[in-house]
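Undergrad: Pasting the sequence and the predicted coordinates here, then a few questions.
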Amino acid sequence: MKPGFYSIAQAGGDQDPADDEAYGLAALTHFRDGQFVGVDPGGCKVSGEYRIDEDGRIALHLNYDFRAGIELANGTIFDRATRLEADLVLAPAAAEGEPQPVNIGLGPMFIRLNWLADPI
């Protein structure tokens, strides 16, 4: 996985992962030296660690910090600040934008990573 800034787009698990129209921006994220940090359009923070295994898979430990009062696309509203943690393993092609099925505790969804710029 190339270090740098990525957009992460998300589509619902019931959507066609090949349909570009199904995706919306989920976060802008900076990956570098085994760590990542970013924000979503609602001002919530994503952070964590990543590593590339011997087969090229991307193993992530994700912390998603939701602020109080945020309403998610599925209608969930957090009445207080909430952290969700998840461990994910993405296929090597995830770094090239291939849709990946994931579930961080909010129901199944697909994500796509799109490299934007070199790291700082």
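TA: On my side now, so go ahead.
Undergrad: okay, CA-based contacts and neighbour counts for the rest of this
TA: OK.
Undergrad: any idea which residue of this protein is furthest from its center?
TA: What lies farthest from the middle of the chain is D79; by Cα atoms, centre = their mean that is 22.4 Å.
Undergrad: can I assume it is in contact with A68?
TA: Yes: counting by Cα atoms under 8 Å, D79 does reach A68; the two are 5.3 Å apart.
Undergrad: so I111 sits right up against A9, yeah?
TA: Yes: the criterion here is Cα under 8 Å, and I111 meets it with A9 at 5.5 Å.
Undergrad: These two: who's more crowded?
TA: Ranked by neighbour count (other Cα atoms under 10 Å), I111 and A9 place I111 first, with 25 against 20.
Undergrad: Contact partners for the closest residue in space to that one that isn't next to it in sequence?
TA: Among residues not flanking I111 along the chain, Q10 sits closest, at 4.5 Å (Cα to Cα, 6 or more residues apart in numbering). Q10 makes contacts with Y23, G24, L25, A26, M109, F110, I111, R112, as judged by Cα atoms under 8 Å, 6 or more residues apart in numbering.
Undergrad: Go ahead and confirm the third one touches A9.
TA: Yes: applying Cα under 8 Å as the test, L25 and A9 come out as touching, 4.4 Å apart.
Undergrad: quick one: N103 from D16, how far?
TA: Distance, N103 to D16, using Cα to Cα, to the nearest Å: 16 Å.
Undergrad: so how far is the first residue of stretch 28-48 from its last?
TA: First residue to last in stretch 28-48 (Cα to Cα) measures 14 Å.
Undergrad: Repeat that for stretch 8-22.
TA: Using Cα to Cα, one end of stretch 8-22 lies 13 Å from the other.
Undergrad: in that stretch, what's buried?
TA: Neighbour-count burial for stretch 8-22 flags I8, A9, Q10, A11, G12, P17 (criterion: 16 or more other Cα atoms under 10 Å).
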